[in-house]
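Chemist: need a 3D model of the following:
(2 chains)
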Amino acid sequence: MPDVQALVNEFLNKLKKRKIEGSQATAKQTAELLRSVISQQRVPRTNQAGALIDAVRAIGEQLIVANPIELAVGNIVRRVLHIIREEDLSLTTAAVAELNLSTVSDDDDDGGGGDQDDRPVLSAAAVAAAARNTLRPPSLQMLLEGAPDFVAVPRSSSSGGDSEGKSKSMDRNSRTRKLKHDIIEAVNELIQDITTCHELIAEQAVEHIHQNEVILTLGSSKTVLEFLCAAKEKKRSFRVFVAEGAPRYQGHLLAKELVARGLQTTLITDSAVFAMISRVNMVIVGSHAVMANGGVIAPVGMNMVALAAQKHAVPFVVLAGSHKLCPLYPHNPEVLLNELRSPSELLDFGEFSDCLDFGSGDGSPLLHVVNPTFDYVPPKAVSLFITDTGGHNPSYMYRLIADYYSADDLVVQRRHAAGN
Amino acid sequence: MDARRGSLPVPRVRQVGFFTPNAQPAPTRSQSGPPDSSSPPLSDSPASNSLSPVMIPPPRHHSDNLAAAPRPTSPLPVPEPSPFRRRGADNNNALLVGSYNPAETLLAMSPSSSHVGDGESEETMSGGWFRRSNSGKLASSLPSGTFDFSPVQSTAEALKPNKVQNPVGISEVSARPAPKEQQPEAPSSSKQPKPKLTKAERRALQESQRAAKAAAKAPGGGKSVAAPEEVATIKSVKQHQTQKKDAPQVAVSVAASERKGGDKSQEKERRKDAPAPRMQFDDKSRVEKAKRRSVVDQTEAKKRVELFRHLPQYEHGTQLADLESKFLQLDPMHPAIYKVGLQYLAGDISGGNARCIAMLQAFQQVVKDYSTPPEKTLPRDLTAKISSYVSFFTQCRPLSMSMGNAIRFLKNRIAKLSPSLSESESKSSICTDIDRFINEKIVLADRVIVQHASSKVKDGDVLLVYGSSCVVEMVLLHSHELGKQFRVIVVDSRPKLEGKALLRRLVAKGVHCTYTHINAVSYVMHEVTKVFLGASSVLSNGTVYSRVGTACVAMVAHAFRVPVIICCEAYKFHERVQLDSICSNELGDPDAIGKVPGRMDVNYLNDVSNSGNLQLLNLMYDATPADYVSMIVTDYGMIPPTSVPVIVREYRRDHLLI
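Modeler: This is a model prediction of the structure:
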C-alpha cells in the first residue's frame, strides 16, 4: 500500500519538523491517518483484529518516536487500538450470543459434537470478558457470581485453541467486513469527538463562571477561548487577565481574539502574575496533555501560575479534551516530557554569538540559553479538570483514562522490543 | 505669647488620647489629626512637617470634604477668616480667635477654616490635617457655648465619656481667658499629671527655642526683627515642630525635657514619622489640585486599568517634548534638577541606587548654587525649594522609597542646621552630609553587603539571579574574583529585559551563565542552589518590594526549597507595610507590553491596540511576602526578614544622623 505509506511518511515528517501546532490538530490528523491505514489494511481470514492491531501498532510506534513530546499522538494510537479491541469484542459477544441461542435450540439434536465446537467461542468470549473485567468496575452481580466465570476461563482456554478456524466460514466473511466497518465508524466518531470537544467543554462554562469574575489565563488555547466566549454569550460579564506567555507570546493572540469577541481583557506580563493573582477569582488554562496521575503538561510558565494560585487559594482549572488524557504516569516530566526551543526566541544570535560558540576556549561555551516549551504542573496544584465528560478531580483522572484505553496498549512499543 | 498658647492645646490632644484611658474612646481622627494641626502657620513650606512631601493623604473624613467643597467657589465670607489670621499675627491671638469664632455652627465654621487652608500658598497635607482638626475642635467646643468657662466646669465636661474631644476644649477654654500665670494650672484641672509635665516641658522648649531663634536672627540679620513677639508668633508652631525632632540638640538647654521628655519625645517622633498616606489618584479633587501645580504636562492615559485607578496613569512619551520646550521658562528649576528629572522621565537612569545618587547629587548642586533670598531663612527656604524639586521629580517618575528616605534625611539635616552657622557654612555642611550619605549608606553599604553575601557563595553553586540588581552583580563579580567556581542563571522578563545587560557584563568577566526567561524558572530551579535577588525596598513587615517578577522567582524557589537571599542596603528599608502589589505600585508604559521588539512575527496586537476592551498593564514592582525570603543581606549584617522592623526602628536615628 504505497499510498498509505506515503501518507504516513508525510505525517512523520510533519511531526519530526514540529509542523503541527497544538494537540488537537495533531490528534485529529493522527486519527485520520490511522483510519486510512485501517481501511486499506488487508485483513486475513483469521484473527483480523490481531492483524489490524499489529498494523496500527507498527505505525503508531513510528509516529510516537517521531514526536515523543506530542502525547496526543500516542493517545490516539492507543485509543484506536482500544477501539479495535472493543469492536472485536462486541462482535464476538454478539456471535456468542447467537451461538448460544442456536446451541440452546438444537441442544437435543447435536449432543456432544455441538459442545465441542461451542467451547472455543465461549472461551474467547470469556477471555475477552475477563480482559474487560480488569478495566471495568465489577458489578454487584459479577462480584456475587464471579467465581464460576473465572473458573470457566482457564478450563475452556486449555481445552480449546486450534479448533477455532473450523466453524462458520460463511459467517466469517460478513464478520470481517463488519469488523472493519465498525472500527472505521468508531474512529470517525473519535474524530468527531476531537473536533467537538471544545463545544462540550464550553457548555460547562456557565456553571463555573459567574458575574464580575476575574479570570487569569496564560498563553493561548482554543479551548479556553471557546470556554470564555461561551460564558460571555450567556450574558455573564467578567474580566480576563491574560499573561502573555513569553517567549511565544501566544497570550497576545488570545487577547486579540478575546477583544474581538467583546470581552474585557487585560494583557499582563508573565512576571506580573504573582502580583495580580491576589485579585483573581479563578485561573482557567488549557493544557498540552494530562497525565494519568492528574499532573498536567502545559505551556511553559504554568507551574509558576499554579504555585501562585495555590498560594492565594485561587482555583486552578485545567481544560482538557479527552484526546489530551494520557494513560502514562510521568517520571521527571520537566525534563523527559519537555522540549527545548531555539534560543533565538530569547537572544538575538548576533548579540551573544561569541559566547554561545562551543569552539572557543575549553570547548564549553560561557553562555547557555534555556528555552523550554512545557512545564509540568503537579496534580496537587490543580483544583479541577474540565473535560468533555464533565468536571473531575485530579485524583480521578486515572479512572477516567481507564475508560478510554485498554490496559494491553499502554506500552505501544512492547511488541517491537520483544521482536528485536 | 498667647499665640503659642493657641498652639498648645493641639499637641495635648494627642497626649490625652494616649495617656488617659478614661478620656479615651477618641475616634481615630482625633488621634491622627491634631498632631499635625499645628502646621498651618507653616503654610509657606508645606512639606516641612510632612516628612515626605510626595504624599498627600486621601480624604478620610467628612469634615475634610466639607471644607474642601466650597473651596473652588468660595462663596462664603471671604474677608472674614483671613483677617483672623492677620489679626492673629497682630494680636498674638491667632488660632484662638479663629477657633472661637462666634459663627457657632460647624457649617458656618468650616468655610472659614477652609480659608485658613486657602491662605497657604501650596497647601498639601498640612491643610488637610488642619481643617480636619479644626472642625474637630469646633465640634467639641460647641456644647460649651460661652467663652467664660471655669476650669471646674470644663473638667466636668471632660469627664463625660462621650465628649471625645473635650480635652481640647478644656485647654482652649481654660487657656484663653486665664491669665498667663494660670496656664500651668490649666492642665491640673484635667487631673492628669503627665500632660502637665509635658506641657511644662513644651513651654520650656518653646521659650528656649524662641531665645535661640532671636539669637540666631540677630546675627543672621536678613530680617528686621522689630517685634520678636511677632516672629515668634508666626514661627512658634513650626519651631515647636522641628524642635520635637531636634530633641537631642535643644535638650541641652532645656532642663525640663531632660527628665521625662526624652523617651516620650522619641515615641512621639516615631509616631510622627509614620509614613504619610500616599496620593491616591482616584481622588479627583486631589488630582486636579496636583495637576494645577504640576510643571510637567501629562496627559492621562485613556485606557486606565480599573484595578489601578489609584495610581498615576499617564501617556508615556508625551511629557518629554513638552518639558523640553518649557526649558527656558522653568525659571525656578535648577538645571541640575531639570537634567536629572529628564533622565528619570526618559528612563536613562534606573535602579534604586543610581536614581538616589543622581537625585542627591542634583540636590548638592542646588545647595551649592543656593543663596538665601532676603526676608527668608536658609532652612525653611531651602526645604521649600527641595520640596518643589521633589514634586517635580515625582512628576517625572514616582519616587522610590529609598529616595523618600534620602529626601527625609536631607530635610532632617537642613532642619537641624545650627542657626548659628553662616550661610556658606550651612551649605557646605549640607553638601558634606549628602556626600556622606552617598558614601556610607550606598557605597560602603554595598561593599559590606558584597562581603557578607559572597561568603555565602560556595564552589559548585548554581546561583539564580533575576533582572539586574547592581548589588547582586557586585556580589557575583566579587565572588568570581575570589576564584569561586559557580554558575549563574540569569532570569529575565519582559518588557525591560534588564537581565540582558547583566548577562553581557557577567559574560564579559568570564562568569559561566545560563540565560532564560521567567516562565522557565521552574525548569531551571531544580539545579539552583541559591537565589540572589535585589530589592527596591524592604518594608517593615518583611515584604520585599522589588522589580516585578521577583515574587514569582522567590515563590518558585520556595516551592523547590531553594534559599532566597535578598541583598538590600539598609537605607532602603521603610516602615511602611504592604500586603499585596496592588495598593501601591508604579505603572510603566503600557505600549511596551503590546510590542515585542525584535520579533517580527509577534504583532497580533497592532490592529486592536486601540480597542476599548483591551487594556495593557505594565506593572513595575511587586511585593514578595516575607515567607519566601530566607535571609536579607544588609549593611548591618545578615538578618531574617522579621528583623527588618527592628533595624528600621533601632537605626532610624542612625540613618538620620549618620
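
Chemist: which parts of stretch A:200-215 are buried?
Modeler: A:200-202, A:204-205, A:208-209, A:213-215 (16 or more other Cβ atoms under 10 Å in any protein chain shown). Where C-beta positions appear, they are placed from N, C-alpha and C, glycine not excepted.

Chemist: is it up against chain B anywhere?
Modeler: No. Judged by Cβ under 8 Å from any Cβ of the partner chain, stretch A:200-215 stays clear of chain B, getting no closer than 8.6 Å.

Chemist: residue contacts, residue 355?
Modeler: Assuming you mean chain A. A:365-367, B:507, B:513 (Cβ atoms under 8 Å, 6 or more residues apart in numbering or on different chains).

Chemist: switch to chain B, that's the one I care about
Modeler: B:344, B:349, B:400, B:402-403.

Chemist: try 7 Å this time
Modeler: B:344, B:349, B:400, B:403 (Cβ atoms under 7 Å, 6 or more residues apart in numbering or on different chains).

Chemist: and B:Arg309, by the same measure?
Modeler: Listed by Cβ under 7 Å, 6+ apart, the contact partners of B:Arg309 are B:281-282.

Chemist: what about it, distance to A:Asp270?
Modeler: According to Cβ to Cβ, to the nearest Å, B:Arg309 and A:Asp270 sit 24 Å apart.

Chemist: do B:Val488 as well
Modeler: From B:Val488 over to A:Asp270 (counting by Cβ to Cβ), the distance is 21 Å.

Chemist: of those two, which one has the most company?
Modeler: A:Asp270 (28 against 24; other Cβ atoms under 10 Å in any protein chain shown).

Chemist: just checking, the more buried one touches A:Ala243?
Modeler: Yes. Under the criterion of Cβ atoms under 7 Å, A:Asp270 makes contact with A:Ala243 at 5.0 Å.

Chemist: B:Met525 in helix, strand or coil?
Modeler: Following DSSP: H, G, I helix; E, B strand; the rest coil, we place B:Met525 in the helix state.

Chemist: what's near enough to touch it?
Modeler: B:556-557, B:560, B:562.

Chemist: and B:Ser537, by the same measure?
Modeler: With Cβ under 7 Å, 6+ apart, B:Ser537 has these contacts: B:400-402, B:545, B:572, B:574.

Chemist: spatially nearest residue to it (excluding sequence neighbours)?
Modeler: Closest residue to B:Ser537 apart from its sequence neighbours, by Cβ to Cβ, 6 or more residues apart in numbering or on different chains: B:Met401 at 3.9 Å.

Chemist: number of residues surrounding the one you found?
Modeler: Neighbourhood size, B:Met401 [other Cβ under 10 Å]: 24.

Chemist: give the contact list for it.
Modeler: The contact partners of B:Met401, taken as Cβ under 7 Å, 6+ apart, are B:536-537, B:545, B:572, B:574, B:576.

Chemist: distance check, it against B:Leu410.
Modeler: Counting by Cβ to Cβ - B:Met401 and B:Leu410 are separated by 15 Å.

Chemist: which residues does stretch B:601-609 contact?
Modeler: A:249, A:252-253, A:255-256, A:259-260, B:594, B:596, B:614.

Chemist: most neighbours, which of these?
Modeler: A:Ala255 (33 neighbours).

Chemist: work out for me the element that one sits within.
Modeler: helix A:250-260 (DSSP states H and E).

Chemist: those residues of the stretch 101-250 of chain A touching chain B, which are they?
Modeler: A:245-247, A:249 (Cβ under 7 Å from any Cβ of the partner chain).

Chemist: try 6 Å
Modeler: A:246-247, A:249 (Cβ under 6 Å from any Cβ of the partner chain).

Chemist: chain B: which of the residues you listed is nearest?
Modeler: Set against chain B, the nearest of those by Cβ to the nearest Cβ is A:Tyr249 (4.4 Å).

Chemist: spit out the contact partners of that closest one.
Modeler: Listed by Cβ atoms under 6 Å, 6 or more residues apart in numbering or on different chains, the contact set of A:Tyr249 reads B:596, B:602.

Chemist: rerun at 10 Å
Modeler: A:219-220, A:255, A:267, A:270, A:345, B:494, B:594, B:596, B:599, B:601-605 (Cβ atoms under 10 Å, 6 or more residues apart in numbering or on different chains).

Chemist: which phi and psi values does the closest residue to chain B within the stretch 1-150 of chain A adopt?
Modeler: When scored by Cβ to the nearest Cβ, the stretch 1-150 of chain A has A:Glu21 as its residue closest to chain B, at 13.0 Å. In terms of degrees, to the nearest 10, the main-chain angles of A:Glu21 are phi -100, psi 130.

Chemist: separation between it and A:Lys14?
Modeler: 10 Å.

Chemist: hmm, back to that, okay, and which of the contacts of A:Tyr249 map to strands?
Modeler: Secondary structure from DSSP state E places A:Leu267 of the contacts of A:Tyr249 in strands.

Chemist: who wins for neighbours among the contacts of A:Tyr249?
Modeler: A:Ala255 (33 neighbours).

Chemist: you'd agree that residue is up against A:Leu228?
Modeler: No. Using Cβ atoms under 10 Å, A:Ala255 is not in contact with A:Leu228, being 11.3 Å away.

Chemist: for chain B, what spans make up the strands?
Modeler: Counting by DSSP E, the strands of chain B are B:461-466, B:486-492, B:512-517, B:530-534, B:537-539, B:544-547, B:564-567, B:573-574, B:614-617, B:621-624, B:631-634, B:637-639.

Chemist: report pLDDT for the residue in the stretch 301-420 of chain A positioned nearest to chain B.
Modeler: Going by Cβ to the nearest Cβ, chain B is nearest to A:Gly301 of the stretch 301-420 of chain A, at 3.1 Å. A:Gly301 carries a pLDDT value of 93.

Chemist: out of the strands of chain B, flag the one nearest A:Gln29.
Modeler: Closest approach to A:Gln29 among those (Cβ to Cβ): strand B:512-517, 30.6 Å.

Chemist: now for that closest one, which elements pack on it?
Modeler: Contact partners of strand B:512-517 among helices and strands, from 3 or more Cβ pairs under 10 Å, 6 or more residues apart in numbering or on different chains; DSSP states H and E: helix A:349-356, strand A:367-369, strand B:461-466, strand B:486-492, helix B:498-508, helix B:521-524.

Chemist: partner strands of the fourth one and their direction?
Modeler: Meaning strand B:486-492. Next to strand B:486-492 in the sheet, as set by DSSP bridges, lie strand B:461-466 (parallel), strand B:512-517 (parallel).
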